[in-house]
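1. Got a predicted structure plus its sequence, pasted below:
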Amino acid sequence: MLKYFYNQLGFFGALGVSFLLFLLFVFWIAGIAGISLPYDGGSKKKNTWEIVLAVLIPVYPIGWLIVDIINQRRLMRKKSDPVA
């Protein structure tokens with residue numbers, strides 16, 4: 001696969017595509033871990049359909065991870081607001 005990328009895109013193109021695929025794989029695994037993790041160490045009822053969806057559709061956990069990052073940022077801004 002890398003040889004095909006190298007032949008079609010050259011060295012830097014193959015390097016960029018392989019790095020992008022690696023990052024997407026890491027974010028996919030991180031999203032699955034975040035979805036299946038219990039909240040605050042407590043016992044969250046695990047939604048098995050959500051975990052199955054995350055494993056079968058790699059875009060779902062990546063999107064979930066981005067939404068979770070945005071929600072955490074909003075929460076941190078809200079808590080650090082000095083006019084509260």
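-> Sure, I can see it.
2. which parts of the strand or helix carrying Q8 are buried?
-> Following DSSP states H and E, one finds Q8 within helix 2-36. The neighbour-count check on helix 2-36 (16 or more other C-beta atoms under 10 Å) flags 5, 14, 17, 27-28, 31-32, 35-36 as buried. No exception for glycine: its C-beta is placed from N, CA and C like everyone else's.
3. Is it possible to get JSON lines of the residues you listed that adds pLDDT?
-> Output for the buried residues of helix 2-36, formatted as JSON lines (pLDDT from 0 to 100):
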{"residue": "F5", "pLDDT": "77"}
{"residue": "A14", "pLDDT": "86"}
{"residue": "V17", "pLDDT": "87"}
{"residue": "F27", "pLDDT": "93"}
{"residue": "W28", "pLDDT": "93"}
{"residue": "G31", "pLDDT": "90"}
{"residue": "I32", "pLDDT": "90"}
{"residue": "I35", "pLDDT": "85"}
{"residue": "S36", "pLDDT": "84"}
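4. Report the inter-axis angle for whichever helix or strand comes after the helix holding Q8 versus helix 2-36.
-> Stepping forward along the backbone from helix 2-36, the first helix or strand reached (DSSP H and E) is helix 48-56. Going by axes from the mean of the first three to the mean of the last three C-alpha atoms, to 10 degrees, helix 48-56 is angled at 170 degrees with respect to helix 2-36.
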